[in-house]
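Novice: Kindly return the folded structure for what I paste below:
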Amino acid sequence: MKLWFSNFVKDTTPLGLRIFYIALLFILSAACSIPLNYLAYQQTGAWQVFASIFNLILLAVVSGYALYLARKNQVKAAAGYLIGIACFFIPFNSVLFSDLGLVLGLSLFLTNTVIAGQTLEGRPAFIALIASLLFSLLAIFLDLFASWERVAVPVISNIIPFIALTLTAILIFIAVRQFPTYSLRTKLITVLLSVAVISISAVSFATDLSVTYQLNKTSRDNLSALASITAGEIENRLLQNADRLNILALNKFVQDATEMSERDGVNNALLTELAELQGSYPNFLELTVIGAGGNLVSSTNEFSPLNHANQPYWQTAWNDGAGATYISEPFFDEQTNDYMIEMAIPIPAHGEERLVGVIMAKINMREFADILSKNQADLLFANNQLMAQESVGLVQTLDAKSLSAISSLTQEGFGEINYRGGQRFVRATKITSPNEAIQNLNWTVLAHRESAVIRAPIESATRTIFLTAILILLVVVFTAFLIGNQFLRPIESLTSAAKKLAKGDFTAKAHVTVTDEIGALATTFNTMATQVNDLINTLEQRVADRTKALATSTEVSRRLSTILDEERLVSEIVNQVQNAFHYYHVHIYLMDDKEEKLIMAGGTGEAGSVMLSRKHFIPKGKGLVGRAGETNTPILVSDTAKNPDWLPNPLLPETKSEIAVPISLGERVLGVLDVQQNIVDGLKREDVDLLQSIANQAAIAIQNARTLVEVQKRAAREQMVASINQKIVSETSIESALQVAVREIGRAFGAQTQIKLKPQNKQN
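Specialist: Residues are numbered from 1 along each chain as shown. Purely as a prediction, here's the structure:
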């Protein structure tokens, strides 16, 4: 297989192979996408998916023709077809499908940028980049502002962007590996545009995420606040009704009438009291007082049964005792033709803790519907019935699908679900209360808003952000083009001159009029060309001089390595350097023990003798010598008259240039070799290199000399100790041994010593 493929593309150039492989990647991407689109078409039957399949087939056919052209080395034509089909394919998909424009638009630009960079140069490459950018923006615009019906198919929305991004990643990887082969113009424009696209996209994406998060948070907080307010209002309304019943239950007349009902039966006089309360609170559709055995005491409902002992409201209120409250779930009352709840509380005996009866009220649910309508919320009861704010007074049972959607909300009770016939953001809040009966109702307030209403400001902000990003990107594109030309014209002139110089035309000059860094580069190039011309003319003489200087330096270094006396060594260094290189003056400074100053240790001529007799020194860090000693780096001054740090010496009035070279071992500075010349520019960088080599040898020689002195001193001390030990051992008494030890130590240190032994007292 490998051999067949090699034969198949044996006549294809490397550039043709690049576009060949890119076309092959396009074909593979289309081949992977067609089955997925066919599966989506089988599931949805949407004509948009069928049109997408046709689009993919067209992509594969055009890419196949581009592959054929690439094999024939028609690279520009093949690249044009690939760029063209990509510019058609991506926006076409944005027309058909929603939520794909951004990802596919970025993939289009990056993919075509890689293709143009791989195969095109100059103006064609720039045109391809501009076209890719415009069609990428078109895909994003269509995704953001399309008003016609588009479909969102999960298999396409998830898989197609993944394939597109994978293809883009492969192409970018190939481009990065081959980036050094691109032309300078293509590199510059590609880098500028890529950085701009990536940075602007990143900033826009981050800004969009932040704005979306804030708007979502605001919407969630608003819904949460609305749900909490609604729950509080419903709780307060229930508590108010319970308080009204409590007031009636604590009325002495009601208590006494209820207690006497066991003897007297129905109390019609109590009916007037109940009717007055019902008139004050019209939401009380019925008020009924029930005695201890469940017998009817009085009721505003003429059809109320005579005995209520088997009713939940009487049993709960009576059995739970004083302070208990009973509240029922909503139910439809056929007599009133409306939805209501039952609320009951026990009636205590006057001034006693025992119970004498129960008071029950049927409360119209319309008052809760008013709260829901005002706050645009729904009320979900424990029996899965719902009171919706759009249908005042109507309670309906929720279907299983709606209940499942509500149960899928997050732990905070917030989420976007399919609720009441459409997508809505819903916030569920339980009604809580210190009142146990209200708490046990387990009612839930559902504050909700249509998703489109919530998303409208988010989508508006997203459009604004991306429009701003696109405008900035367009500005960057034209700026990149202008900057590219501004930079490349002088560079191209410089490149042309460099090619002439490489061919042997040493009179070639770069004609650049700019004064920026490129102009400075051109000036430097022209100077270099002149120097090269001069160098060619004087090369033999310079090589000879350099060879002689190196030989002399080697000889000086060799002779210094044989001297082990530091004073003689320093003298030899300065004299050998001056004689070998004919300098005006040479002297050496050595660092003192405290490393605070450099003391002159040797110098040539009469000036050197005078400075030695005066014990001349230079503080560390001062002048050229001090700076060299402090920084451990050579310092060259070609013209001492122009250097403010140079310290003139009256004994050396003709000094015009100077070099100070540190004598060091690694980071440790032993001293400084200072050389002076009586000619401006008489010392050059070549002298620094030669003197540094000698200074390195001198450092080793000085260190060897100092080491030898230390070794000799150590040997003398060891010999003296051995001699004293031998004399002490030869003595026969402790007193004489001590006297010998003290005498010999005194001689060794040049001091008078003696020892006195105190006689021991004898005890009987």
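
Novice: Where does the prediction get shaky in the stretch 651-764 of the chain?
Specialist: Of all residues in the stretch 651-764 of the chain, those with pLDDT under 70 make up the ranges 732, 744, 747-764.

Novice: So which residues of it form helices?
Specialist: With helices called from DSSP state H, counting those that start in this stretch, the stretch 651-764 of the chain shows them at 685-730, 734-749.

Novice: Rebuild the ones you listed as TSV, extending it with distance to residue 34.
Specialist: The way it works is simple: take the backbone N, C-alpha and C, and place the C-beta from them, glycine included. Output for the helices of the stretch 651-764 of the chain, formatted as TSV (distance: least, C-beta to C-beta, whole Å):
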stretch	distance to residue 34
helix 685-730	70
helix 734-749	104
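
Novice: Could you export the ones you listed as CSV, including mean neighbour count and distance to residue 442?
Specialist: Converted to CSV, the helices of the stretch 651-764 of the chain look like this (neighbours: other C-beta atoms under 10 Å; distance: least, C-beta to C-beta, whole Å):
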stretch, mean neighbour count, distance to residue 442
helix 685-730, 15, 92
helix 734-749, 14, 106
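
Novice: Could you pull up phi and psi at residue 361?
Specialist: phi -130, psi 140 (degrees, to the nearest 10).

Novice: And for residue 587?
Specialist: Dihedral angles (degrees, to the nearest 10) for residue 587: phi -150, psi 160.

Novice: That one and residue 742, how far apart?
Specialist: If you measure residue 587 against residue 742 using C-beta to C-beta, to the nearest Å, the figure is 48 Å.

Novice: Could you do residue 215 as well?
Specialist: 99 Å.

Novice: For the closest residue to residue 23 other than its chain neighbours, the count of nearby residues, please.
Specialist: Once flanking residues are discounted, residue 23 sits nearest to residue 67: 3.8 Å by C-beta to C-beta, 6 or more residues apart in numbering. Using other C-beta atoms under 10 Å, residue 67 has 20 neighbouring residues.

Novice: show me the residues around residue 615 that make contact.
Specialist: Contact partners of residue 615, counting by C-beta atoms under 8 Å, 6 or more residues apart in numbering, are 599, 600.

Novice: my bad, residue 620
Specialist: By C-beta under 8 Å, 6+ apart, the contact set of residue 620 is 591, 595, 596, 597, 598, 626, 629, 630.

Novice: change it to 10 Å
Specialist: 591-592, 594-598, 626-630, 669, 672 (C-beta atoms under 10 Å, 6 or more residues apart in numbering).

Novice: ok, residue 630 - how many residues close by?
Specialist: 17.

Novice: So it lies in a helix, does it not?
Specialist: Yes. Following the definition DSSP: H, G, I helix; E, B strand; the rest coil, residue 630 is counted among the residues of a helix.

Novice: Output the contacting helices and strands for the helix or strand encompassing residue 144.
Specialist: Residue 144 is part of helix 122-145 when elements are defined by DSSP states H and E. Contacts defined by 3 or more C-beta pairs under 10 Å, 6 or more residues apart in numbering; DSSP states H and E place helix 122-145 against helix 75-96, helix 101-119, helix 184-249, helix 451-502.

Novice: quick one: secondary structure of residue 55?
Specialist: Going by three-state DSSP: residue 55 is helix.

Novice: show me what contacts it?
Specialist: Contacts of residue 55 by C-beta under 10 Å, 6+ apart are 30, 33, 34, 37, 85, 88, 89, 90, 92, 93, 95, 96.

Novice: Now flag whichever of those is closest to residue 472.
Specialist: residue 90 (21.3 Å; C-beta to C-beta).

Novice: Identify the residues contacting that closest one.
Specialist: Applying C-beta under 10 Å, 6+ apart, the residues contacting residue 90 are 55, 100-101, 103-109, 111-112, 132, 135-136, 138-140, 142, 164.

Novice: confidence score at it?
Specialist: Residue 90 carries a pLDDT score of 81 in this model.

Novice: gap between it and residue 106?
Specialist: Residue 90 is 10 Å from residue 106, by C-beta to C-beta.

Novice: in a strand, that's where residue 362 is, yeah?
Specialist: Yes. Under three-state DSSP, residue 362 falls within a strand.

Novice: what about the closest residue to it other than its chain neighbours, is that helix, strand or coil?
Specialist: Excluding its sequence neighbours, the residue lying closest to residue 362 (C-beta to C-beta, 6+ apart) is residue 286, at 4.0 Å. Using three-state DSSP, the structure places residue 286 in strand.

Novice: count of neighbours near residue 286?
Specialist: Here the number of neighbours of residue 286 (other C-beta under 10 Å) works out to 21.

Novice: Please give me every residue in contact with it.
Specialist: By C-beta under 10 Å, 6+ apart, residue 286 lies in contact with 274, 278, 299-301, 303-304, 333, 335-336, 340, 342, 360-364.

Novice: Let's see which of those residues end up in strands.
Specialist: 299, 333, 340, 342, 360, 361, 362, 363, 364 (DSSP state E).

Novice: Now do the second one against residue 378, distance only.
Specialist: I take that to be residue 333. Separation of residue 333 from residue 378 (C-beta to C-beta): 21 Å.

Novice: The two: which is more packed in?
Specialist: residue 378 (23 against 17).

Novice: Please name the nearest non-neighbouring residue to the more buried one.
Specialist: Spatial nearest neighbour of residue 378, chain neighbours left out: residue 446 (4.3 Å); criterion: C-beta to C-beta, 6+ apart.

Novice: Tell me which helix or strand comes right after the helix or strand bottoming out on mean pLDDT in the chain.
Specialist: Sorting the helices and strands of the chain by mean pLDDT, DSSP states H and E puts helix 2-8 at the bottom, at a mean of 67. For helix 2-8, the following helix or strand on the C-terminal side (DSSP H and E) is helix 14-44.

Novice: buried stuff in that following helix?
Specialist: In terms of neighbour count (16 or more other C-beta atoms under 10 Å), helix 14-44 has its buried residues at 15-16, 18-23, 25-27, 29-30, 32-34, 36-37, 40-41, 44.

Novice: Would you reformat the ones in strands among the contacts of residue 286 as TSV and include pLDDT and distance to residue 516?
Specialist: Shown next, in TSV, are these (pLDDT from 0 to 100; distance: C-beta to C-beta, whole Å):
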residue	pLDDT	distance to residue 516
299	88	101
333	84	91
340	89	88
342	93	90
360	93	95
361	93	91
362	92	91
363	91	86
364	89	86
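
Novice: Quick check: of the residues you listed, which has the highest neighbour count?
Specialist: residue 361 (27 neighbours).

Novice: ok now stretch 295-302, how far from the chain's centre?
Specialist: Here stretch 295-302 is found 75 Å from its chain centre; the criterion is C-alpha atoms, centre = their mean, to the nearest Å.

Novice: Helix, strand, or coil at residue 647?
Specialist: Residue 647 is classified as coil under three-state DSSP.

Novice: tally of neighbours for the closest residue in space to it that isn't next to it in sequence?
Specialist: Excluding its sequence neighbours, the residue lying closest to residue 647 (C-beta to C-beta, 6+ apart) is residue 623, at 3.9 Å. Residue 623 has 20 neighbours, counted by other C-beta under 10 Å.
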